[in-house]
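Engineer: sharing a model that was predicted from the sequence below.
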Amino acid sequence: MNEAIAVTRRAYAAFSARKLDAVAELLASDCTWRVGGRNQVSGVYEGREQVLGFFRRLAEVTDGTFQVTLDDLGQLNSGLVAAVATISGARAGLASTFRITQLIRVNPAGRMQ
């Protein structure tokens, strides 16, 4: 298994276990996280602290029910990692589950960019 795949697996495992300190160690200080859609968490988060704030906000708006399960990973020819995951959460008694695809770049220092 190559480094980019290993880092991505560790990040998903840490996030699933709600260990944000471990996730933080795998994020580059200048990382960028883009969240599509038109909702209260959509937007571009720049830098480790903003990304961690986004993760905390997910827990908040879902009353702590937000979960992610990594379904599949693969490395593209460009060096990016493609991750397919199932995310779920509930708010105000309404539950939602979605499948997502993320593209992740891991820098030479082994941090998600």
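Structural biologist: Happy to help now that I have it.
Engineer: which residue ranges form the strands in the protein?
Structural biologist: 32-35, 43-46, 67-75, 81-91, 94-104 (DSSP state E).
Engineer: and residue 111, what does it touch?
Structural biologist: With contact taken as CB atoms under 8 Å, 6 or more residues apart in numbering, residue 111 is in contact with 7, 26, 27, 28, 29, 31. All C-beta spots, glycine's among them, are computed from the backbone N, C-alpha and C.
Engineer: can you give me the pLDDT of the residue of the chain most remote from its centre?
Structural biologist: For the chain, the residue at maximal distance from the C-alpha centroid (CA atoms, centre = their mean) is residue 93, at 24.1 Å. For residue 93, the pLDDT comes out at 89.
Engineer: repeat that for residue 45.
Structural biologist: Value for residue 45, per-residue pLDDT: 98.
Engineer: would you agree it is in contact with residue 55?
Structural biologist: No - Residue 45 is beyond contact range of residue 55, at 9.2 Å (criterion: CB atoms under 8 Å).
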